[in-house]
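Asker: coords please:
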Amino acid sequence: MVQQQQQQQQQQQHRIYILQFRKGEPEQEVACKVSQAKGAGRRVMYYYQDYGGGGKSGKTVQSRALSLRRIFAMLLFSCLCVGTLLVAPVSFLSFVHSDDGGAEAAAATATRGGVSGPCSAVGNDSLCCDRTSERADICFSRGDLRMHSASASFQLVSGNSTAAGEEERIRPYTRKWEANVMATIDEVRLRRVPPGGAARCDVRHDVPAVLFSTGGFTGNVYHEFNDGILPLFVTANHFRRRVVFVILEYHDWWVTKYGDVVSQLSAFPPIDFTADRRVHCFPEVIAGLRIHGELTVDPARTPEGKSIGDFRRLLDDAYRGRVEFLERLERRAARKRHHRGTFPRAQLAPPRHATSHHDRPRLVIVSRTGSRVIENEADVAALAADVGFDVRVIRPDRTTELCKIYRELNASDAMVGVHGAAMTHFLFMRPGKVFIQVVPLGTDWAAGAYYGEPAARLGLRYVGYKILPEESSLSREYPTGDPVLTDPAAVAQRGWDVTKKVYLDRQNVRLDLARFREELVRAHQYLAAGRRRRPRAAPPPRHRQPVGAEQRELEEEPAGRNR
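Answerer: Down below sits the predicted model:
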């Protein structure tokens with residue numbers, strides 16, 4: 001009887017090898033292990049499951065023994081994957097980035113995002129550039145592509161002798177019509193090379209690369225969003241983070257400033273094209289970015305009908321964790337002040353009128369320094385409070401963390417500011433809120449085209465407050481009737497340099513309080529009507545924190561933030 005049981009055990013011994021595809025960065029190896037099970041005398045296959053993508057995320061990796069049924073299921077799946085890779089490796093890699101079935105749909109989605117037009121049918125071992133847009137060129141290539149920064153090029157390794165030596169050049173920046181700016185952008189070559197002339201791969205990626213530049217006007221928040229972040233969303237969002245960004249004219253401060261947003265578009269660290277001398281190999285490369293207009297996303301020209309509203313939701317996702325962390329810091333600081341007796345306990349309780357105060361719509365004044373300053377800003381703030389607003393004044397500069405600006409404006413009901421790059425922050429406001437832009441003399445067209453129209457497309461109630469000549473500081477420099485005051489369009493015909501010098505660099509505003517009050521009253525009435533139509537949400541229940549929760553909540557800063 002014992003001998004029969006031993007024979008049955010011997011018959012049940014299996015030696016199974018499974019190819020397990022891991023989630024993680026392309027450089028990682030497949031992690032498999034064959035070990036000897038204790039006491040059973042049989043070989044057991046373990047697989048390693050990398051939670052959350054592995055790589056450098058610091059997630060734990062643990063092993064688990066597979067049941068026999070699960071082993072056969074994984075074996076069947078692995079065979080299907082291996083077969084697919086052997087038959088059409090590049091098509092398979094493209095397919096994982098697409099929700100559409102079929103190799104053709106996958107290829108179109110991977111290269112062009114499903115948008116018809118030039119280069120809409122880029123096949124394997126292909127190189128195509130779309131130069132039809134007046135705003136930006138963009139090139140697509142699929143096959144065996146190798147980044148070779150030493151020669152400022154991407155090499156398409158190809159055995160196609162008829163296309164030998166094919167080469168395209170591109171400056172991957174979205175202000176093609178401005179020759180002076182484009183001359184400062186580094187040029188990159190995409191060239192076809194024979195297998196024997198290609199650089200050897202140091203790092204292999206199984207996802208596409210998108211190449212773009214952070215040169216040009218980068219440093220101005222309007223251009224950072226308009227020329228960079230929004231085109232990046234348009235070009236790469238459909239990859240669902242399965243894409244690597246290769247940055248030309250890489251700036252550490254840019255990666256730090258926009259790391260929260262960029263990480264919503266790519267699950268991988270960006271590559272510095274110039275400084276990283278390793279040869280990175282990709283199945284696809286997109287060089288350049290798509291741009292639809294001023295601070296906008298055109299749903300008709302995106303693969304999945306995405307709009308500026310979808311970009312706004314991406315900002316919510318990008319900053320949510322950081323905002324919650326900042327709020328935990330503030331709560332902890334308040335508790336410390338209370339325990340140290342910095343202020344009496346009675347002050348912790350809100351005054352009787354606090355409820356009505358916090359029910360006021362919040363208005364944020366974006367303050368400027370230098371030029372286009374509101375000279376009577378304190379009076380304007382007092383006026384807004386008298387109308388019924390809870391008034392905040394913020395003074396952002398280049399060092400201000402974007403998340404803190406987002407937090408203020410996302411929680412606001414109205415924003416007031418003078419025309420300038422800082423008005424780009426209207427993107428942080430929620431649809432249905434009010435954006436009042438003070439329009440100085442000589443800036444009518446720019447104020448509407450760059451901020452007013454995009455704000456309306458986002459769903460904001462836009463108000464352009466055009467100042468009168470007597471509200472401009474220029475009225476103290478020029479006599480009444482001077483064309484600078486009465487005919488800014490004629491002055492603009494003298495050229496951009498004159499317009500910039502007179503109307504942008506040398507002009508401040510002193511608002512007519514009686515006249516501006518009318519706009520504030522209308523904005524307040526609009527917001528109050530909206531609140532009456534919207535049912536009041538019940539406050540969330542308050543729970544007593546367990547011992548130690550204060551320290552834990554402080555330590556739990558959102559992971560993956562670039563700072």
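
Asker: where does the stretch 351-500 of the chain dip in pLDDT?
Answerer: In the predicted model, the stretch 351-500 of the chain carries pLDDT under 70 at residues 351-358.

Asker: can you pull out the helices in it?
Answerer: For the stretch 351-500 of the chain, the helices defined by DSSP state H, counting those that start in this stretch occupy 354-358, 377-387, 402-410, 444-447, 453-458, 483-486, 488-492, 496-499.

Asker: buried residues in the helix or strand where residue 325 lies?
Answerer: Here residue 325 is covered by helix 308-340, with elements defined by DSSP states H and E. For helix 308-340, a neighbour-count test (16 or more other C-beta atoms under 10 Å) marks 308, 311-312, 314-315, 318-319, 321-323, 325-326, 328 as buried. C-beta coordinates here come from the backbone N, C-alpha and C atoms, glycine included.

Asker: please, where are all the strands along the stretch 451-563 of the chain?
Answerer: 461-466 (DSSP state E, counting those that start in this stretch).

Asker: re earlier: closest one to residue 133 among the helices of the stretch 351-500 of the chain?
Answerer: helix 453-458 (18.7 Å; C-beta to C-beta).

Asker: from the contact counts, what lies against that closest one?
Answerer: For helix 453-458, the elements it packs on are helix 308-340, judged by 3 or more C-beta pairs under 8 Å, 6 or more residues apart in numbering; DSSP states H and E.

Asker: okay, the angle between the helix it packs on and helix 402-410?
Answerer: 100 degrees (axes from the mean of the first three to the mean of the last three C-alpha atoms, to 10 degrees).

Asker: other SSEs contacting helix 308-340?
Answerer: Using 3+ C-beta pairs under 8 Å, 6+ apart: helix 308-340 touches helix 230-236, helix 252-262, helix 402-410, helix 453-458, helix 549-555.

Asker: pLDDT weak spots in the protein?
Answerer: Using pLDDT under 70, the flagged stretches of the chain are 1-116, 162-163, 341-358, 534-563.

Asker: ok, residue 372 - contacts?
Answerer: Contact partners of residue 372, counting by C-beta atoms under 8 Å, 6 or more residues apart in numbering, are 418, 419, 420, 440, 504, 507, 508, 509.

Asker: which one of those is nearest residue 498?
Answerer: Taking the contacts of residue 372 together and measuring to residue 498 by C-beta to C-beta, the closest member is residue 504, at 10.5 Å.

Asker: for the residue lying closest to that closest one once chain neighbours are set aside, grab the count of nearby residues.
Answerer: Nearest non-adjacent residue to residue 504, counting by C-beta to C-beta, 6 or more residues apart in numbering: residue 371, 6.5 Å away. A count of neighbours around residue 371, defined by other C-beta atoms under 10 Å, yields 15.

Asker: and residue 371, how close does it get to residue 423?
Answerer: 14 Å (C-beta to C-beta, to the nearest Å).

Asker: where do the helices sit along the stretch 101-250 of the chain?
Answerer: 103-112, 179-182, 221-223, 230-236.

Asker: ok, and what's touching the third one?
Answerer: With contacts defined as C-beta under 8 Å, 6+ apart, helix 221-223 is touched by 216, 217, 295, 421, 422, 423, 424, 425, 450.

Asker: closest one to residue 278 out of the buried residues of helix 308-340, please.
Answerer: Checking the buried residues of helix 308-340 against residue 278 with C-beta to C-beta, the nearest one is residue 318 at 28.7 Å.

Asker: for the residue nearest to residue 504, give me the backbone phi and psi.
Answerer: With angles defined as degrees, to the nearest 10, residue 371 sits at phi -120, psi 160.

Asker: hang on, the earlier thing: distance to residue 276 and mean neighbour count for the helices of the stretch 351-500 of the chain - can I get that in CSV?
Answerer: Formatted as CSV, these follow (distance: least, C-beta to C-beta, whole Å; neighbours: other C-beta atoms under 10 Å):
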stretch, distance to residue 276, mean neighbour count
helix 354-358, 50, 9
helix 377-387, 46, 17
helix 402-410, 26, 20
helix 444-447, 38, 17
helix 453-458, 35, 20
helix 483-486, 51, 17
helix 488-492, 45, 15
helix 496-499, 38, 12
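
Asker: could I get these as JSON lines with distance to residue 338?
Answerer: Shown next, in JSON lines, are the helices of the stretch 351-500 of the chain (distance: least, C-beta to C-beta, whole Å):
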{"stretch": "helix 354-358", "distance to residue 338": "17"}
{"stretch": "helix 377-387", "distance to residue 338": "28"}
{"stretch": "helix 402-410", "distance to residue 338": "23"}
{"stretch": "helix 444-447", "distance to residue 338": "46"}
{"stretch": "helix 453-458", "distance to residue 338": "40"}
{"stretch": "helix 483-486", "distance to residue 338": "56"}
{"stretch": "helix 488-492", "distance to residue 338": "55"}
{"stretch": "helix 496-499", "distance to residue 338": "54"}
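
Asker: so for residue 224, which of those helices sits nearest?
Answerer: Taking these one by one with C-beta to C-beta, helix 402-410 is closest: 9.7 Å.

Asker: quick one: contacts of that closest one?
Answerer: 257-258, 260, 315-316, 319, 322-323, 326, 364, 392, 394, 396, 415, 425-426, 428-430.

Asker: wait, what's in contact with the residue most central in space within the chain?
Answerer: With distances taken as C-alpha atoms, centre = their mean, residue 261 lies nearest the centre of the chain, 3.3 Å away. If you count contacts by C-beta under 8 Å, 6+ apart, residue 261 has them with 229, 314, 315, 318.

Asker: want to throw the buried residues of helix 308-340 into JSON lines with distance to residue 483?
Answerer: JSON lines is the format used below for these (distance: C-beta to C-beta, whole Å):
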{"residue": "308", "distance to residue 483": "37"}
{"residue": "311", "distance to residue 483": "40"}
{"residue": "312", "distance to residue 483": "41"}
{"residue": "314", "distance to residue 483": "45"}
{"residue": "315", "distance to residue 483": "42"}
{"residue": "318", "distance to residue 483": "46"}
{"residue": "319", "distance to residue 483": "45"}
{"residue": "321", "distance to residue 483": "53"}
{"residue": "322", "distance to residue 483": "49"}
{"residue": "323", "distance to residue 483": "48"}
{"residue": "325", "distance to residue 483": "53"}
{"residue": "326", "distance to residue 483": "49"}
{"residue": "328", "distance to residue 483": "56"}
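
Asker: quick one: which of the residues you listed is nearest to residue 481?
Answerer: Distance to residue 481 across those (C-beta to C-beta) is lowest for residue 308, with 42.3 Å.

Asker: the closest one touches residue 457, doesn't it?
Answerer: Yes - contact criterion C-beta atoms under 8 Å: residue 308 and residue 457 qualify, at 5.6 Å.

Asker: intersection of neighbour lists for the two?
Answerer: Common neighbours of residue 308 and residue 457 (C-beta under 8 Å, 6+ apart) are residue 296.
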